[in-house]
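Visitor: Just the structure for this:
(2 chains)
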Amino acid sequence: MSRTMIIPFGPQHPAFLEPINLSLEVSEEKVSSVKVNIGYNHRGMEYALALDYKKTQYLVERVCGICSFHHSSVYCQTIEAIFGIEAPERAQIIRTIFMEFQRLTSHFLALGHVAEAAGYESLFMRSFAVREHIMRLLNRLTGSRVHYSVNIIGGVRTDISAEGARDILSVIDEIRPEVKTLRDVFLNDVTLVHRLSGAGKLTLDEARDWCAVGPVARASGIKEDARLDGFAAYGKIDFQPIVREEGDAFARTAIRAEECIQSLDLIEKCIMIMKDGETSAVAKKLPAGSSYSRVEAPRGELVYFLRSEEKKLSRLKIKTPASVNVPILASILKNASLADVPVIAASIDPCICCTDR
Amino acid sequence: MRGSKARLATIVAEENGDGMRLTYIYDLNGKMRDYQYFLLPHEQIDSISDIYIGALNMEREIVDLFGLEINGAPPELLLVEESKHAPLRKNL
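Guide: So this is what the prediction gives:
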């Protein structure tokens, strides 16, 4: 006779960096149902960010540490629409470059954690070693490894000099062979493929029902990517999203590995098309109005909605990709083996500070 | 919208006088579209999580932060019982 027990996975757990609780009902090592409990990291960011729209330029980066630049970019994009201004072309290209660098750091973090959850410690270390090269480059370019404080309303406050552009191209040349090697390992290593294939399967219809976005959706065959809108400089560089059909942990991991190569190519294209010019437009008094805008953060579509009265914000709403992707765990962990829970959870790339805000 | 394979991107709740304004933002074939609904004070609505499962947490967040009553969307997603009621409402 099988016994059912409830195993609390989190909020403190070695597999998770941030607090989330998965209440797993387990019978004979198989998960029969899951309750996803969030809110441990709720900080009231939507309230705090609406208090002073100028300070929000910098505070908004603190919503998340791994997609911070995307948060500040979409905030600036949205409020620029209310101001009725557009960031200059050079600023748009600089924003694109930093967004792609942040995608690289985020994807390598996610890939490293998937490797670690699968017991592949050396692959985790090598993923983070490549990531370290990028973090040091970002430190040289902006003075910071995580929160770059580059975006301002109207453009950017940090330019990329000719020397900085050479540094970027040099680092890309240096890490590209290793990035390709890691991509090949994630896609072809027999143990890893066997471990991840079939785990945490999300069908196309389920992905639509759950409103999934980003690599999670693209791994289930949904060809959606906010970069196709052409925001920032994406309209000026050739870009097509990477899509797979399997819908499992392997597909999600493979997409992130391939997107790392794609990000290197996009950054190089941006450097090639970057011309001299202004880096910011003037934004004077904030008028009354409302707008919403989106960018493609590493985990998927990030939407900001703003409403302003004269000179101040009355509402700021953030929809993060993790807030729609994390609840999917309730579906894809059902009937999974208990031992596969960390790997499946890591393949979703959960960001709890984005989920909870 | 579900039938046309539109994806529900988000639901934005705002105060509108004593009532509420809900803006449903969709992605339809790569383009964003929004639909606004105005609610009277204390008006209840039904959850659309039977159409989009992903809408449930969006609605539960609104229940917690604005105190709106949505049938089928229980509270205490982000907040606990002891938390300040409807912290994003100024007019309550």
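Visitor: What is the burial count for residue 53?
Guide: As the question left the chain open, I've gone with chain A. Residues within reach of residue A:53, counting by other CB atoms under 10 Å in any protein chain shown, total 21. (Each C-beta comes from the backbone N, C-alpha and C, glycine too.)
Visitor: You answered for a different chain; I wanted chain B.
Guide: 19.
Visitor: That one: what secondary structure?
Guide: Look at residue B:53: counting by DSSP: H, G, I helix; E, B strand; the rest coil, its state is coil.
Visitor: What's the separation between it and chain A?
Guide: As defined by CB to the nearest CB, to the nearest Å, residue B:53 lies at a distance of 5 Å from chain A.
Visitor: Can you tell me the closest non-neighbouring residue to that residue?
Guide: residue A:209 (4.7 Å; CB to CB, 6 or more residues apart in numbering or on different chains).
Visitor: ok, the one you found touching residue B:50?
Guide: No: if you go by CB atoms under 8 Å, residue A:209 and residue B:50 don't touch, sitting 10.2 Å apart.
Visitor: Quick check on the two: which one has the bigger neighbour count.
Guide: Set side by side, residue A:209 and residue B:50 show more neighbours around residue A:209, with 19 against 10, by other CB under 10 Å.
Visitor: contacting residues around residue A:90?
Guide: A:159, A:274-279 (CB atoms under 8 Å, 6 or more residues apart in numbering or on different chains).
Visitor: Beyond the helix or strand encompassing it, next helix or strand please.
Guide: Assigned by DSSP states H and E, residue A:90 belongs to helix A:89-117. Using DSSP H and E, the helix or strand that follows helix A:89-117 in sequence is helix A:121-142.
Visitor: Which residues belonging to that following helix are considered buried?
Guide: Buried residues in helix A:121-142, counting neighbours by 16 or more other CB atoms under 10 Å in any protein chain shown, are found at A:123-124, A:126-128, A:130-131, A:133-135, A:137-138, A:141-142.
Visitor: So which residues of chain B form strands?
Guide: In chain B, the segments counted as strands under DSSP state E are B:7-16, B:19-28, B:31-39, B:45-46, B:70-71.
Visitor: most packed of those?
Guide: A comparison of the strands of chain B by mean neighbour count, using mean count of other CB atoms under 10 Å in any protein chain shown, puts strand B:7-16 on top with a mean of 22.
Visitor: Wondering if that strand reaches chain A at all.
Guide: Yes: applying CB under 8 Å from any CB of the partner chain, one finds strand B:7-16 touching chain A at B:7-10, B:12-15.
Visitor: first to last residue in stretch A:152-169, what's the distance?
Guide: Using CA to CA, to the nearest Å, the end-to-end distance of stretch A:152-169 comes out at 25 Å.
Visitor: For chain B, see how far away the residue sitting nearest the centre point of chain A is.
Guide: In chain A, the centroid-proximal residue (CA atoms, centre = their mean) is residue A:298; its distance is 2.3 Å. Taking CB to the nearest CB as the measure, residue A:298 falls 17 Å from chain B.
Visitor: so what's that residue closest to, chain neighbours aside?
Guide: Residue A:298 sits nearest to residue A:106 (CB to CB, 6+ apart), 3.5 Å away.
Visitor: That neighbour and residue A:296 touch, don't they?
Guide: No: Residue A:106 is beyond contact range of residue A:296, at 11.6 Å (criterion: CB under 8 Å).
Visitor: out of everything not next to it in sequence, what's closest to residue B:73?
Guide: Nearest one to residue B:73, counting by CB to CB, 6+ apart, is residue B:59 at 3.8 Å.
Visitor: Hmm, that neighbour is touching residue B:13, no?
Guide: No: if you go by CB under 8 Å, residue B:59 and residue B:13 don't touch, sitting 9.2 Å apart.
Visitor: so where is the stretch 1-150 of chain A shaky, pLDDT-wise?
Guide: Within the stretch 1-150 of chain A, the ranges that satisfy pLDDT under 70 run A:1-2, A:15.
Visitor: So residue A:24 belongs to a strand, correct?
Guide: Yes: looking at residue A:24 with three-state DSSP, it is inside a strand.
Visitor: Now do the contacts for it.
Guide: A:6-9, A:31, A:33-34, A:333, A:338, A:341.
Visitor: make it 10 Å
Guide: Taking CB atoms under 10 Å, 6 or more residues apart in numbering or on different chains as the criterion, residue A:24 is in contact with A:5-9, A:31-35, A:329, A:333-334, A:336, A:338, A:341.
Visitor: Show me which residues of the stretch 251-357 of chain A are close to chain B?
Guide: A:290, A:292-294, A:301, A:303-307, A:314-320, A:323-328, A:330-331, A:355-357 (CB under 10 Å from any CB of the partner chain).
Visitor: So which of those belong to helices?
Guide: A:323-325, A:330-331, A:355-356 (DSSP state H).
Visitor: Need the residues you listed in CSV (columns: pLDDT, distance to residue A:253 and neighbour count).
Guide: Below are those laid out as CSV (pLDDT from 0 to 100; distance: CB to CB, whole Å; neighbours: other CB atoms under 10 Å in any protein chain shown):
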residue, pLDDT, distance to residue A:253, neighbour count
A:323, 93, 22, 25
A:324, 94, 19, 30
A:325, 94, 14, 29
A:330, 92, 21, 17
A:331, 92, 19, 18
A:355, 88, 20, 27
A:356, 89, 25, 25
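Visitor: Just give me the closest of these to chain B.
Guide: residue A:324 (5.1 Å; CB to the nearest CB).
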